[in-house]
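Q: Return atomic coordinates for the entry below.
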Amino acid sequence: MKLVLRYLQFVALAATALASPAQAATEIMWWHAMSGELGKQLEKLAADFNASQSDYRIVPTYKGNYTETVTAAIFAFRSRSQPAIVQVNEIATATMMAAKGAIYPVFELMRDQSEPFSPEAYLPAVTGYYSDVAGNMLSFPFNVSTPILYYNKDLFRAAGLDPEVAPKAWAEVGAAAKRLRAAGSPCGLTTSWPSWVHVENFSAFHNLPLATRGNGFNGLDAELAFNNPEVVRHIAQLAEWQAKKVFDYSGRGQSAEPRFQKGECAIFIGSSGTRADIKANSKFEVGYGMIPYRPEIAGAPQNSIIGGATLWVLRDRPRAEYTGVARFFAYLSKPEVQAAWHQNTGYLPITRAAFDLTRAQGFYDRNPGAAIGIEQLTLKPPTENSKGIRLGSFVLIRDVIDDELEHVFIGKRSAQAALDQAVERGNRLLRQFERANPDR
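A: Below is the predicted model:
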C-alpha cells in the first residue's frame with residue numbers, strides 16, 4: 001500500500017509539472033569584439049547579470065575585431081538574424097547614426113521601457129561623444145578609454161632620470177628619450193594607435209579643430225582641418241626623433257605595446273584600457289602620466305577624448321528582448337558594477353558615481369596611476385574641439401591618416417605634404433558619405 005501511495009504522489013507531481021512548465025528565460029544575443037582577458041571580464045558581466053534575475057539571459061558572442069563585428073551585424077540585419085546588442089567602436093558612431101532604420105536609440109529604449117536613465121549621471125566627455133545635437137544618448141557607453149603615458153621606472157633610474165616624475169611636456173619627453181637612448185635603451189619612445197594619439201588626441205588636448213563644423217557634430221558638410229601648423233610641427237618632430245630611435249614607430253593598432261612590456265622601449269603612449277595588461281606582463285616597475293602637451297600652444301592642456309566602444313541596440317527583435325536589454329543597461333550603470341569593470345579592466349568608469357565609489361574603496365591609493373585617464377578626460381569641460389569626433393567613414397579616414405604618417409616616419413614624405421594628402425584623401429571619403437546620406 002505504501003508503494004502504491006508513493007507512486008500516485010509521483011504521478012501527481014509529474015502531471016503538475018507538465019501542466020505548468022517553468023517559464024524559460026528570454027535569450028538576448030550580444031555580439032562583441034573582446035577576446036582574451038577582456039573577453040573573460042565581459043562574459044563575467046553577462047553571467048553576473050543572468051544570475052541576478054531569472055527572466056532574461058544575455059548571450060555574449062565574440063565576432064572578431066570591431067570592423068568584423070560591425071560587418072557581421074550589418075549582414076545579419078539584412079537577413080533578419082541580427083543580435084539585439086552589438087559592440088561598436090567610437091569612430092563608427094556617425095556611420096551607425098546614418099543607419100536610422102536599423103538602430104534603436106538608447107534614450108528611446110530606456111524611456112519606452114520606463115528604466116531610469118539620466119545622461120547627467122555619465123561623464124560629460126562620454127555623453128558628448130555619443131549624443132545627438134539635442135543631448136540624447138544614442139548608444140550605451142561600455143568600454144571607455146583614453147591614451148595615457150606609460151614609462152619604465154627601472155630604465156629611468158638607470159638613465160639618471162627621476163622615476164617618480166612622468167615627463168609632462170613634449171620637450172621633456174624628447175629630452176628623457178634621448179637620455180634613455182644614451183643609457184642603452186634600444187628605443188626611447190613608441191606609441192600605439194598613431195592617428196588616435198598623435199592627430200586626434202593631440203588636437204583635442206591642444207583645443208585644435210580636427211575638422212570644421214565642430215568636428216562633424218554640426219553637419220555632414222564638415223571638412224578635415226588637422227593639417228595645421230601645430231600638428232604638422234608635432235609630426236615633423238616625431239620624424240626627426242625617428243632617425244635616432246629617440247622615437248621609434250612600431251606600427252598601427254596595438255603593435256607597439258609588446259615592445260614596452262619587454263623593456264625594449266622605455267616610454268609608451270597607449271590606451272588606458274591596457275593598463276591592467278601592461279602591469280601584469282611587465283617585469284619592471286611601471287610609471288604613469290598624462291599624455292604630453294606643448295605649453296606654447298594656448299589653452300593646452302585641454303582634455304583628451306575617448307576611445308573604446310559603445311553598445312548599440314538593433315531594431316526588429318521581439319519586444320520581450322528590449323525589456324531585457326533595458327534591464328541589462330540599467331544593471332551595467334550601477335556604481336558597483338561599473339567600479340568593478342573599471343578596476344578589473346583598466347577601462348574608465350562611465351559614471352561619476354562609479355569613479356567616486358572606486359576612490360572611496362581605496363583603489364587609487366593602492367594602484368597609483370589608475371586615476372590618470374579619468375583625470376585627463378575631465379581636466380577641463382569639453383569644448384567644440386575636444387568633445388569628440390562625429391565624422392562619417394572615420395574608420396577609413398583613420399586608416400588614411402595612419403598610411404600618411406607611415407610615409408613621414410620612413411622618410412618618404414614631409415609632415416606637411418603627408419597631412420595635406422591625408423586631408424585631401426579624407427575629404428573625398430567625407431563627401432562620399434555625405435552623398436550616400438542626403439537625408440541627414
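
Q: now the strands for the stretch 201-350 of the chain?
A: Per DSSP state E, counting those that start in this stretch, the stretch 201-350 of the chain carries strands over the ranges 265-271, 286-289, 307-313.

Q: Just say which of those strands is most tucked in.
A: With neighbours defined as mean count of other CB atoms under 10 Å, these peak in mean count at strand 265-271, which reaches a mean of 26. (Each C-beta comes from the backbone N, C-alpha and C, glycine too.)

Q: Pull up the pairing partners for that one, direction included.
A: In the sheet, strand 265-271 lines up against strand 147-152 (antiparallel), strand 187-191 (parallel) (DSSP bridges).

Q: okay, those in CSV with distance to Asn50, mean neighbour count and mean pLDDT next?
A: Converted to CSV, the strands paired with strand 265-271 look like this (distance: least, CB to CB, whole Å; neighbours: other CB atoms under 10 Å; pLDDT from 0 to 100):
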stretch, distance to Asn50, mean neighbour count, mean pLDDT
strand 147-152, 33, 27, 97
strand 187-191, 39, 26, 97
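
Q: Out of the ones you listed, the one nearest Arg327 is which?
A: strand 147-152 (33.6 Å; CB to CB).

Q: tell me the mean pLDDT over the helix or strand just after the closest one?
A: Counting by DSSP states H and E, the next helix or strand C-terminal to strand 147-152 is helix 153-158. If you average the pLDDT over helix 153-158, you get 98.

Q: what sits up against helix 153-158?
A: Identification of contacts with helix 153-158 by CB atoms under 8 Å, 6 or more residues apart in numbering yields 162-164, 176, 180, 183-185, 263, 266, 284-287.

Q: Let me know the closest of these to Ile297.
A: Ala176 (20.2 Å).

Q: From one end of stretch 365-385 to the other, what's the distance?
A: 33 Å (CA to CA, to the nearest Å).

Q: Of all the residues in that stretch, which ones are buried?
A: Residues of stretch 365-385 classed as buried by neighbour count (16 or more other CB atoms under 10 Å): 367, 369-374, 376-379, 382, 385.

Q: Could you do stretch 427-440 as well?
A: By neighbour count with 16+ other CB under 10 Å, stretch 427-440 contains the buried residues Asn427, Leu429, Leu430, Phe433, Glu434, Asn437.

Q: Extract the CA atoms of it and return them as PDB.
A: Output of stretch 427-440 as PDB, limited to C-alpha atoms (Å, rounded to 0.1, in the frame of the first residue of the first chain):
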ATOM      1  CA  ASN A 427      37.700  64.800 -47.500                       C
ATOM      2  CA  ARG A 428      36.900  62.600 -50.500                       C
ATOM      3  CA  LEU A 429      35.600  60.000 -48.100                       C
ATOM      4  CA  LEU A 430      33.500  62.600 -46.300                       C
ATOM      5  CA  ARG A 431      31.900  63.700 -49.500                       C
ATOM      6  CA  GLN A 432      31.100  60.200 -50.500                       C
ATOM      7  CA  PHE A 433      29.500  59.600 -47.100                       C
ATOM      8  CA  GLU A 434      27.600  62.900 -47.400                       C
ATOM      9  CA  ARG A 435      26.200  61.900 -50.800                       C
ATOM     10  CA  ALA A 436      25.200  58.500 -49.500                       C
ATOM     11  CA  ASN A 437      23.200  60.100 -46.600                       C
ATOM     12  CA  PRO A 438      21.300  63.100 -48.100                       C
ATOM     13  CA  ASP A 439      18.500  62.900 -45.500                       C
ATOM     14  CA  ARG A 440      20.800  63.600 -42.600                       C
END
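
Q: Let's test this: mean pLDDT of that stretch, rounded?
A: Averaging the model's pLDDT scores along stretch 427-440 yields 89.

Q: can you list contacts of it?
A: By CB under 8 Å, 6+ apart, stretch 427-440 touches 94-95, 97-98, 220-224, 391-393, 396-397, 400.

Q: Could you identify the buried members of those?
A: Among these, those classed as buried by neighbour count (16+ other CB under 10 Å) are 94-95, 97-98, 220, 222, 224, 391-393, 396-397, 400.

Q: Arg425: neighbour count?
A: With neighbours defined by other CB atoms under 10 Å, the count for Arg425 comes to 17.

Q: just to revisit the earlier point, tell me the two of the buried residues of stretch 427-440 that are most distant?
A: Using CB to CB, the pair of those lying farthest apart is Asn427 and Asn437, separated by 15.8 Å.

Q: was I right about Pro116 contacting Ala330?
A: Yes - Pro116 is in contact with Ala330 according to CB atoms under 8 Å; the separation is 6.5 Å.

Q: more neighbours, those two?
A: With neighbours defined as other CB under 10 Å, Pro116 and Ala330 compare such that Ala330 has more, 16 against 9.

Q: In space, what's closest to that one - neighbours in sequence excluded?
A: Glu115 (4.8 Å; CB to CB, 6 or more residues apart in numbering).

Q: wait, what's in contact with the one you found?
A: Glu115 neighbours (CB under 8 Å, 6+ apart): Ala326, Arg327, Phe329, Ala330.

Q: so what sits against both of Pro116 and Ala330?
A: Met110.

Q: can you pull the contacts of Cys265?
A: Cys265 neighbours (CB under 8 Å, 6+ apart): Ser185, Pro186, Cys187, Gly188, Leu189, Thr190, Asp248, Ser250, Ala256, Arg259.

Q: now it, which residues is it bridged with?
A: With DSSP bridges as the rule, Cys265 is bridged to Cys187.

Q: how close does it get to Arg57?
A: Distance of Cys265 to Arg57, given as CB to CB, to the nearest Å: 44 Å.

Q: Grab the most central residue of this protein for me.
A: Centroid-nearest residue in the chain: Gly308, 1.1 Å away (criterion: CA atoms, centre = their mean).

Q: And for Ser203, the neighbour number?
A: Neighbour tally, Ser203, other CB under 10 Å: 25.

Q: For Arg359, find the nearest of the strands paired with strand 265-271.
A: Distance to Arg359, taken as CB to CB, is lowest for strand 147-152 among those, at 17.6 Å.
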